[in-house]
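In: Dropping the sequence and predicted coords here.
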Amino acid sequence: MSGEPDGPEDRLRRFATIWSRAIFPVTASSLTRVEFEKELMPLARRLRDALGERTLDAPAAQAVGAALIGVHCTDPEALTRTLDVVDAYLVLYCRADEDRREDELRARCARLQHSVAAGFAQALRERTLVEQEAISRAALSARSAVAEALHASEARFRAVFHGAAIGIGIADLEGTVLEANDALVRMFGGAENLVRGRNVVEWTHPDDAPHLWRLYEELVRGEREHYRVEKAFYRPDGTALWTNLTVSLLRDADGVPQYQLALVEDTTERRLLNLRLRYEATHDALTGLPNRTLFFERLEKALAAGDGMRFGLCYLDLDGFKTINDSLGHAAGDRLLVEVADRLQGCATAPGEMVARLGGDEFVALTTGRDTAAEVDDLAGRIMHALSAPIRIDGRELTVRGSIGIVEGPAAGERSPAEVLRSADITMYRAKSAGGNRYELADPEADARAITRHGLTTALPAALERAEFFIEYQPLVHLGDGSVRGAEALVRWLHPQHGVLGPDQFIPLAEDTGLIVPLGRWVLEESVRQARVWQERYEDAGSLRINVNLSPMQLTHPGLVSDTVDILERFGLEPGALCLEVTESALIGADDDLLKPLRRLAEMGVDIALDDFGTGYSNLANLRRLPVSVLKLDRSFTQGMQRFPADPVDLKIVEGIVALAHSLDLSVTVEGVETGAQAEQLRDLGCDTAQGWYYARPGPPDRLHELALCDATR
Amino acid sequence: MERPAWAPQGIDISVPSVSRIYDYYLGGSHNFEVDREAARKAMEFMPGLPKIMQANRAFMRRAVRYAVQEGITQFLDIGSGIPTFGNVHEVAQAADSEARVVYVDHDPVAVAHSRAVLDGNDRAAVVTADLRKPREILAAPEVGELLDLDKPVALLLVAVLHFVEDADDPQGAVAELRDALAPGSLLIVTHAMYEGIPVPAARAAGTVDVYKNIRNPLIMRSREEIARFFEGYEMVEPGLVQMPDWRPESAPADEDPYAFSGCAGVGRKA
């Protein structure tokens, strides 16, 4: 639509250019000015046409004003500038009819401006209203979307609130419960009125921790945001509801405290389970008595009670329980323990008294108070009495006896539970050593001397390594001529704390732990070495023999024969100079397998002596099949001969045994000879060899030389 | 009871909104008195503010048309605000009727209005999401339905990054978006800066304070900082320039001096 230069189209375009240059700076249009000018061209044309009309076309001019709004000229300044341009240039550039009078055109132009302004205002008003309504509607719709989301969110949380397994309650700051979920109501028995509307401060319980209500006060005063406690409540039926309770303070937007929110977790079941586990951990499954763990706890408390309080402890061990267990079986043994436990419990019913089972057949009874010195004695008496009635098991009447060690003292925290128990244990052993079926009171001096089985057992291996063992020799004397024929090797333990210990104190322990094998080998080696020394140095003292004890475990050890042969060869001692002593009880019921090593040794020329003969109930006829060459009569036979005149029955028995032994080609040795009269009598009875204090106590090897030499030179 | 913290954020039209203020600058009436009050205050310090907005719109129009010329028909406009006139979908669909546009804004009123405007246009949609959470934008169902991220997309961040504070990691957010786009995609950015503003910086700071007071702080960044938003992308000629200087279609000399406040640029993913 270029048109010829200065033709009507060109003039119209020039008008539009002027117009667009005038209003473009006040538009918000993102078009370029040139693009914008193209938008104005149709409007300019309408204005030109309206100018040329015979009659005033006001609607056309109004449409032009409205169209300005359409191209986003909403700034009133755009109208001002438009009117300026129309006023100044419309007639100039757009008059088509040269005949029209100038003043007429000017008047028309002015009227058109009025209409443009009116159209602009009208359209701007419409557009403003539409946009205001649109934005309001958008705000409303956004709000209702939020409200819907809120509603959905609240519905979700309400579902969570009511469906939660954990109890949830909301109360105001005065403590009145406003809301409670189903779980909480169920915890309180199921009736809503027991929770909602109630005041939380009513829910006190005797087990409330002292600080619980202080925390509550701090929270409702706004000084604390939350607290967590373990708390009990009463259920309607009076039973306890145990909970983990977490209470939080809810504040409003300005931070002012408004409500308290409680999360309540029912821990009743878990607590019961814990109590049960605790019970099981602290009680003996067989008897239901408190066990060692619980007893130690109680004892620890009792010992630290202070304030003039005292304690008394009875440590009971049944006498001969092992025999019952072995002969009647464990089931019977267990029933016996249950019965004993029942009886013991009946003995300690006063406050401050308790009975516990430490294990096996060991029980303890504890009494506490201010007068335990008398009470504990009484308690021990009651226990002994309670045990005195026979216990009926499987149709048998069993007599149960016990040994009790008593410890009594001030609860001043001086001694640890372990120390007290050790003292009681030692004292109990003292009672048992004294024959059992009695009670003894602990004596600190005796305690200090006492050697516990446990202590010795654990010290044994190191003792062998550290060479704490040594051997004493007790001479064996020929009754016929009084000459020294040899010696029995007796092992001793030089214990760093307890001094010299005899074999009775540690050989059983070595048997139990298996240490007897290396220990026995060492004794044999040392004894054989010593015998060889005697033979070499004191040839003139005659052929000295050495007697060495074999324990039951050594007997069954597969290395017995080879070890013995090895040792004899190593030190060059002829087998005939060695006598191995085996107890009668170890050979009772021995089968051929057990006897085979002894036979091999005997065949080699080693003498085998039957030790402690007469203490067991061996079948005398059995003696024939045993590879023994010596009978050692137990000291109990010689005891009857210490008196004067000697017991004629004892004399007859010994005479009979000696006759029997000799008829089986066995020689007889007697132990425990303490007087010359005894020695004479035994010689008369035909005994071959003797040992005992009358001749010499066990001593170091050098003592034997002296005796032997002096004997030889006599 | 007070609204709990987990409930959705409410609508409070007594608080000015940057989208409605923007509309007011552009001569629209999609605004309330609180918005106009804030806008008038900001214009006390910088009377030519509307011209900056107009320059933004003009740049955006040129950039969209450039994108269509480059064969891109997918547009993701984040921080789209209140659609007044000359919107991305109008420009793009005028150039190519198959063009698809997804608008994103976090102002629920702006989104509601956009939804009304776009009603019936099945190639344009609006999503309520926040530039600070790009993963939510990329995961929005509308994005999945309208855009194929395996093909080039024009991502528009026009006059929006200067409303994200450094604490909210705008660089991280833009990087995540950049990484999600296919090679050939365009990143279209405008950003406010002190450089080029035709009033002393101290005076411009008065406008910045107005935005701070309405809790929508305007973060002025340097050209270097703005350039970092394009990291890994090649700058399209003429690079990061003042808005009227980006591929002008009319003589920049004719532009209002305020139009030179802030800068604009387009980057392309290799």
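Out: That came through fine.

In: Roughly how far does the residue most central in space within chain A sit from A:Thr513?
Out: Residue closest to the average C-alpha location in chain A (Cα atoms, centre = their mean): A:Ala281, at 10.2 Å. Separation of A:Ala281 from A:Thr513 (Cβ to Cβ, to the nearest Å) stands at 31 Å. (Each C-beta comes from the backbone N, C-alpha and C, glycine too.)

In: same check, this time on A:Arg235
Out: Counting by Cβ to Cβ, the gap from A:Arg235 to A:Thr513 is 59 Å.

In: What of A:Gly699?
Out: 29 Å.

In: Could you list the low-pLDDT ranges of the stretch 51-200 of chain A?
Out: Applying pLDDT under 70 to the stretch 51-200 of chain A flags the ranges A:97-98.

In: With chain A instead?
Out: A:1-3, A:97-98, A:447-454, A:539-542, A:589, A:615-621, A:640, A:642-644, A:705-714.

In: Point out the residues in it that sit beside chain B.
Out: A:25, A:27-34, A:72, A:74-75, A:127-128, A:131-132, A:134-135, A:137-139, A:141-143, A:145-146, A:149-150, A:153-154, A:157, A:250, A:252-253, A:258-259 (Cβ under 8 Å from any Cβ of the partner chain).

In: Just the buried residues of those.
Out: Buried residues within those, counting neighbours by 16 or more other Cβ atoms under 10 Å in any protein chain shown: A:25, A:27-33, A:72, A:74-75, A:127, A:131, A:134-135, A:138-139, A:141-143, A:145-146, A:150, A:153, A:258-259.

In: Which residue, other than its chain neighbours, is closest to A:Tyr586?
Out: Careful, residue A:586 is Ala and not Tyr. A:Pro552 (4.2 Å; Cβ to Cβ, 6 or more residues apart in numbering or on different chains).

In: let me redo that: A:Glu297
Out: A:Thr282 (7.7 Å).

In: partner residues bridging the closest residue to A:Val195 other than its chain neighbours?
Out: Sequence neighbours aside, A:Ala180 is the residue nearest to A:Val195 in space, at 4.2 Å (criterion: Cβ to Cβ, 6+ apart). Note on A:Ala180: beta-bridge partners by DSSP bridges are A:Gly169.

In: How much space separates A:Ala180 from A:Glu269?
Out: 21 Å.

In: So for those two, which residue has more residues nearby?
Out: Shown here are A:Ala180 and A:Glu269; by other Cβ atoms under 10 Å in any protein chain shown, A:Ala180 has more neighbours (25 against 9).

In: Checking A:Glu230 next. Helix, strand or coil?
Out: Following DSSP: H, G, I helix; E, B strand; the rest coil, A:Glu230 is assigned to strand.

In: and the gap between the residue nearest to it when sequence neighbours are not counted and chain B?
Out: The shortest distance from A:Glu230 to any non-neighbouring residue, by Cβ to Cβ, 6+ apart, is to A:Asn244 (6.0 Å). From A:Asn244 across to chain B, the span is 23 Å (Cβ to the nearest Cβ, to the nearest Å).

In: Same question for A:Leu92.
Out: Distance from A:Leu92 to chain B, by Cβ to the nearest Cβ: 24 Å.

In: my read is A:Ala374 is in a strand, agree?
Out: No - per three-state DSSP, A:Ala374 lies outside any strand segment and is helix.

In: how about stretch B:124-139: buried residues?
Out: Quick answer for stretch B:124-139 (16+ other Cβ under 10 Å): B:124-132, B:134, B:137-138.

In: Show me those that map onto strands.
Out: Those of the buried residues of stretch B:124-139 mapping onto strands are B:124-128, per DSSP state E.

In: Identify the residues contacting residue 148.
Out: As the question left the chain open, I've gone with chain A. By Cβ atoms under 8 Å, 6 or more residues apart in numbering or on different chains, the contact list for A:Glu148 is empty.

In: try chain B instead
Out: Taking Cβ under 8 Å, 6+ apart, one finds B:Gln74 in contact with B:Asp148.
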